[in-house]
Structures are given as C-alpha cells and as structure tokens.
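Trainee: fold the following and give me the result.
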Amino acid sequence: MDDITAISHLKYRYLRSLDTKQWDDFRDCFVPEATGDYNGLEFTDREALVSYMRENLGEGFLTMHQVHHPEVEVDGDTATGRWYLQDKVIVPAFQFMLEGAAFYSDRYVRTPDGWRVAHTGYRRTFEITYNLADLPGTKVNGPGEHTHV
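Mentor: Residues are numbered from 1 along each chain as shown. Below is the predicted model:
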C-alpha cells in the first residue's frame, strides 16, 4: 500500500473509532507524544487527548465525523495532511445537536507499526447548534435502535 493510502486509512480509522467509541483503537492511531489542537482546545500528549474524548464524547453522545478532500504530502518518514471535516454531535438527553465544518491540519510519522498521528487539530469554518425540541417530529435513534418504515 502506498503511503498516501496508508495515511488515509489511518485518518478514517481515527474517525471510525471515535464515532464508534472504540477507545483502544482510537488511542492506537497516535504516537505517545502526539499533540492536538481542536479550535483552541489543546492537548499535550496522547493520553490527555484520548481521555478527554472518552469522557466528553462517550455514551449518550451520537457523533458523525467525515473527512474528504485530502491534501497529503509525504516527506520520507513524516507527512502532513489537510482534510475538510463535516461533523455532527447529537446529545438526545439534552435535546441538543451541533453541526459544523472545519479544516484538519495533521502531522504523521512512520513507526515500526505503520503511520501514526503526531499532531491533529482543526479550525472551524462554521458551527450551528440546535435545540431538537424546536424541530417538530424529530426522533433520534442511537446504536441498536431502528425505525422501521
């Protein structure tokens, strides 16, 4: 597999494991000294970043993170990536939903176990919040719940 494909798979694994709350898989996307900066919310290492996500996007939070339009550049055993993010966070218990967009700026390093994230973060281009009570007829189904039509 070429490096750009491998880095793309890493980014997709990062997003999938975040949204499915597979925290060990999410943790494995990073080197231990990885840093993060999500629109000013900063992390100085992998453990702090993963702990924050586990505690603040855990059970009861429905999330969707999608990236597209990758711009990945490889230079030996390091690489950079820019991705266009579209995300959604739903918290049914609080009748809350957030939708937004941002641009990720990532740095990657090649390790004996493959490419890993050395730094990740994004800057928002917009964010919209909703009170689900203001959207008549809205029904939110989480994992394992289905509406049969």
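
Trainee: isn't residue 89 up against residue 97?
Mentor: Yes. Between residue 89 and residue 97 a contact is recorded at 7.0 Å, counting by C-beta atoms under 8 Å. Any C-beta I mention is one placed from the backbone N, CA and C, and that applies to glycine too.

Trainee: quick check: buried residues in the longest strand anywhere in the chain?
Mentor: Ordering each strand of the chain by length in residues (DSSP state E) puts strand 114-131 first. Buried positions in strand 114-131, judged by neighbour count with 16 or more other C-beta atoms under 10 Å: 115, 116, 117, 118, 119, 120, 121, 122.

Trainee: swap in stretch 82-100?
Mentor: For stretch 82-100, by 16+ other C-beta under 10 Å, it's 83, 84, 85, 87, 89, 90, 91, 92, 97, 100.

Trainee: could you list everything the closest residue to the fifth one other than its chain neighbours pairs with in the sheet?
Mentor: To tie it back to what came earlier, the one meant is residue 89. Computed as C-beta to C-beta, 6 or more residues apart in numbering, the closest residue to residue 89 that is not its neighbour in sequence is residue 98, at 4.5 Å. When assigned by DSSP bridges, residue 98 has beta-bridge partners residue 89, residue 129.

Trainee: how about residues contacting the longest helix that the chain contains?
Mentor: When the chain is parsed with DSSP state H, its longest helix is helix 3-19. Outside helix 3-19, the residues that touch it by C-beta atoms under 8 Å, 6 or more residues apart in numbering are 1, 22-23, 25-26, 29, 53, 57, 63-67, 70, 72, 74, 79, 81, 83, 106, 108, 110, 114-117, 120.

Trainee: for the next helix or strand after that helix, name the packing helices and strands.
Mentor: Using DSSP states H and E, the helix or strand that directly follows helix 3-19 along the chain is helix 23-27. Where contact means 3 or more C-beta pairs under 8 Å, 6 or more residues apart in numbering; DSSP states H and E, helix 23-27 is packed against helix 3-19, helix 46-56.
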